[in-house]
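**Student:** What would the 3D arrangement of this be:
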Amino acid sequence: MRPTISSPPRRAGRRVLAASATFGLALSLTACTIGETGDDDTPAGTTTAVAEAPRDQPTSAPGAPDAGVDQLVLNADDAPELGLSPVSSEDIAGGVGALEDIAAGIRVDPERCADFSQDAFLAQAEPGAMAIQAGQSGNSAYAVSVTTVTDSLPAREQLIADCPTMTVTIPLEGTEVTTRAENSLLELQAPEGVEHFAAISQTNTMDMMGQEMLTGNVLITGVVRGIGVSVTVANGAGPVSDVERDTAVDAFGKQVEKIRDA
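**Tutor:** Numbering: from 1, shown residues only. Below you'll find the model as predicted:
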């Protein structure tokens, strides 16, 4: 019988989900924890808590919409098929905190593939900087995020091109999780008005407490009107299917259109 790995608590799951959206690149741990989408009694609402920011706080980039990120992010009304609900400011902050802890102890081989800006993802936890909605559709977990912090996005495509294969070791609750990640760029066309577009597929072989897991995720990112957009789909049971990928692509298009029309 195939060994079973228990899922983390729902609250921890949402914090890791927030971390993956904040980081913008699900390295390994995300793939097995992103599926926890929060408390069962959390409604699929149309608003998102944004790190204790005022709800009417506008974005500030030149050409950016007047609306705040909480009003710009895709929600359950925009994409009912994803089962989206807001990720709270507490979970966003917890996700960023988790990334700080991970960044302190993470080991990446080759080392150059660990070259990411910690300041960039910490900045995304500032009031009004990020909004995230997360949901579950079948066996797939989805996260949609928008942010005013876009510094790391232009280098995303080159980072993946330079790191087609990497091994990531992350400390976790007194032990270590090691993942071999196979990264590739998907040949997708950017929607109209999107800059710094990248579509990334990742397959992870994870050694967790002596048990091997195969997981997959697809991440689609870009910048529209000065707002960074990230859509992630994760499958904790294997590579992301074509249907799951196409659903993420469709969600990205809807998110871009919502910002473009705001």
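**Student:** Read off the pLDDT value for residue 188.
**Tutor:** Looking at residue 188, its pLDDT is 94.
**Student:** ugh, wrong one, residue 26
**Tutor:** 34.
**Student:** which helices and strands sit right next to the host helix or strand of residue 177?
**Tutor:** Following DSSP states H and E, one finds residue 177 within strand 175-185. With contacts defined as 3 or more CB pairs under 8 Å, 6 or more residues apart in numbering; DSSP states H and E, the packing partners of strand 175-185 are helix 29-33, helix 156-162, strand 165-172, strand 195-208. For glycine as for every other residue, the C-beta is placed from the backbone atoms N, C-alpha and C.
**Student:** so what strands line up beside it?
**Tutor:** strand 165-172 (antiparallel), strand 195-208 (antiparallel) (DSSP bridges).
**Student:** What residues sit buried inside the shortest one?
**Tutor:** Yep, that's strand 165-172 we're talking about. For strand 165-172, a neighbour-count test (16 or more other CB atoms under 10 Å) marks 166, 168, 169, 170, 172 as buried.
**Student:** And stretch 174-192, end to end?
**Tutor:** 46 Å (CA to CA, to the nearest Å).
**Student:** mind listing what's buried in stretch 178-190?
**Tutor:** So for stretch 178-190, counting by 16+ other CB under 10 Å, buried means 179, 181, 183, 190.
**Student:** Let me see the ranges of the helices in the stretch 51-200 of the chain.
**Tutor:** 69-72, 89-105, 118-123, 156-162 (DSSP state H, counting those that start in this stretch).
**Student:** Comparing the ones you listed by mean pLDDT, which bottoms out?
**Tutor:** Minimum mean pLDDT among these: helix 118-123, a mean of 56.
**Student:** Let me know the closest of the buried residues of strand 165-172 to residue 136.
**Tutor:** residue 172 (22.8 Å; CB to CB).
**Student:** Identify the bridge partners of the closest one.
**Tutor:** residue 175.
**Student:** list the buried ones in the lengthiest helix in the chain?
**Tutor:** If you go by DSSP state H, the chain has its longest helix at helix 242-261. Residues 244-245, 247-249, 251-252, 254-259 are the ones in helix 242-261 that count as buried (16+ other CB under 10 Å).
**Student:** Over to stretch 78-90?
**Tutor:** 78, 79, 82, 83, 84, 85, 86, 87, 88, 89.
**Student:** Would you reformat those as a markdown table and include distance to residue 206?
**Tutor:** Formatted as a markdown table, the buried residues of stretch 78-90 follow (distance: CB to CB, whole Å):
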| residue | distance to residue 206 |
| --- | --- |
| 78 | 32 |
| 79 | 29 |
| 82 | 25 |
| 83 | 25 |
| 84 | 26 |
| 85 | 27 |
| 86 | 29 |
| 87 | 24 |
| 88 | 28 |
| 89 | 30 |
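**Student:** Could you check how far residue 243 is from residue 139?
**Tutor:** Per CB to CB, to the nearest Å, residue 243 is found 11 Å from residue 139.
**Student:** next one: residue 213
**Tutor:** 14 Å.
**Student:** So between those two, which is more surrounded?
**Tutor:** When residue 213 and residue 139 are compared for neighbours, residue 213 comes out ahead with 19 against 13, by other CB atoms under 10 Å.
**Student:** State whether the more buried one and residue 206 are indeed in contact, as I suppose.
**Tutor:** Yes. Using CB atoms under 8 Å, residue 213 is in contact with residue 206, at 4.5 Å.
**Student:** tell me the contacts of the closest residue to residue 133 other than its chain neighbours?
**Tutor:** Leaving out its chain neighbours, the residue that sits closest to residue 133 by CB to CB, 6 or more residues apart in numbering is residue 84, at 4.2 Å. The contact partners of residue 84, by CB atoms under 8 Å, 6 or more residues apart in numbering, come to 44, 74, 75, 76, 78, 133, 134, 135, 142, 144.
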